[in-house]
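>>> Need a 3D model of the sequence below.
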Amino acid sequence: MKKVALLFIAGSGLLYACSRVPITGRSQLNLIPEATMQSMAVQEYQSFLSQNKAISPNSSKDAEMVQRVGGRIARAVTTYMNQQGMGNEVANYKWEFNLVNDKAVNAWCMPGGKVVVYTGLLPVTQNETALAVVMGHEVAHAIARHGNERMSQGLVAQGIQIAGAVALNKNPQAQNVFMQAVGIGGPLGLMAYGRQNELEADHLGLIFMAMAGYNPQEAVPFWTRMANAGGGQKPPELLSTHPSDERRIQQLQKLMPEAMKYYSTQR
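Modelled structure (predicted):
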């Protein structure tokens, strides 16, 4: 009976939760109301900042840079979504961009625009444009609703009733699925997102940074540095849920002409 109920819920979701990812046009299934995702994001974000104090942009040029890059990307994304008639999808975003002191090479963006960059990432980015590569990528996960997509899959897999989504933020098991779904806790490139989501975020992120006036060509040297920083310890792509460094860079190179068209309009 439990399995049948879950299938019925998922099937019902097909009637109201099918949507398309901006730019790529990929059809996806999001079973959870976006308002619920954003509510859970605020809760977990506040909890995170209570344990990891954000660095003030008034006392740190790096923190100021994170806010500057984030602001430019957010404005570009919002403008694009409005132009495409999808402004309602970001209308309730409350953008925040914070730098926290942590050696992890990491960054993430929660649903609703809550972005955190770790100081451990900056030695790899090395410059503002490369930081825009990462922040564009993370914002892309939120805009593409990858967290919702992944959490929907996780809830079904663990037998949590999606019909009770409005109460998910009070369900400890659901909260754990949420944290995994939005990629908090793992190093950059080793998030909960799978290959399809990662490559799609690369695509959208490249366009978003270009729209914000950052040269997308910086993406290739940045991801090359990331690959070298990994020390060759990543498993082959077929044994991993994430794209190999080689495949990621190859896709970025193929997408570069498209991204440069957006960049050329900002110069």
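
>>> Can you classify the closest residue to Glu258 other than its chain neighbours by secondary structure?
Nearest in space to Glu258, with sequence neighbours left out and distances taken as Cβ to Cβ, 6 or more residues apart in numbering, is Ile207 at 7.2 Å. C-beta: built from backbone N, CA, C; applies to glycine. Secondary structure, DSSP: H, G, I helix; E, B strand; the rest coil: Ile207 is helix.

>>> Ile207: neighbouring residues, count only.
Residues lying near Ile207 (other Cβ atoms under 10 Å) number 25.

>>> isn't it right up against Tyr262?
Yes: counting by Cβ atoms under 8 Å, Ile207 touches Tyr262, with 5.7 Å between them.

>>> where do the contact lists of the two overlap?
Pro216 (Cβ atoms under 8 Å, 6 or more residues apart in numbering).

>>> how much space is there between Gly70 and Ala107?
Going from Gly70 to Ala107 by Cβ to Cβ, to the nearest Å gives 10 Å.

>>> Same check on Ser27?
For Ser27, the distance to Ala107 - Cβ to Cβ - is 28 Å.

>>> Just want to know which of those two has more residues nearby.
Ala107 (23 against 9).

>>> Please name the nearest non-neighbouring residue to that one.
Val117 (4.5 Å).

>>> Can you list phi and psi of Lys129 for me?
Lys isn't right for residue 129; it's Thr. Dihedral angles of Thr129 (phi, psi; degrees, to the nearest 10) stand at phi -70, psi -40.

>>> Burial check on it, number of neighbours?
Neighbour number of Thr129 under other Cβ under 10 Å is 19.

>>> give the contact list for it.
Counted by Cβ under 8 Å, 6+ apart, Thr129 has contacts 209, 214-215, 218.

>>> One more pass at 10 Å, please.
69, 209, 213-219, 221-222 (Cβ atoms under 10 Å, 6 or more residues apart in numbering).

>>> Just the residues you listed: which are in helices?
Members of these lying in helices (criterion: DSSP state H): 69, 209, 219, 221-222.

>>> Between all of those residues, which two are separated the most?
Among the ones in helices among the contacts of Thr129, the pair separated by the greatest distance (Cβ to Cβ) is Val69 and Pro221, at 17.1 Å.

>>> the more surrounded of these two?
Using other Cβ under 10 Å, the more surrounded residue of Val69 and Pro221 is Val69, with 26 against 15.

>>> Now do the strands in the protein.
Counting by DSSP state E, the chain has strands at residues 18-20, 27-29, 96-100, 107-110, 114-118.

>>> Touching both of Gly70 and Ala107, which residues are there?
Joint contacts of Gly70 and Ala107 (Cβ under 10 Å, 6+ apart) are 99, 115, 117, 131, 135, 138.
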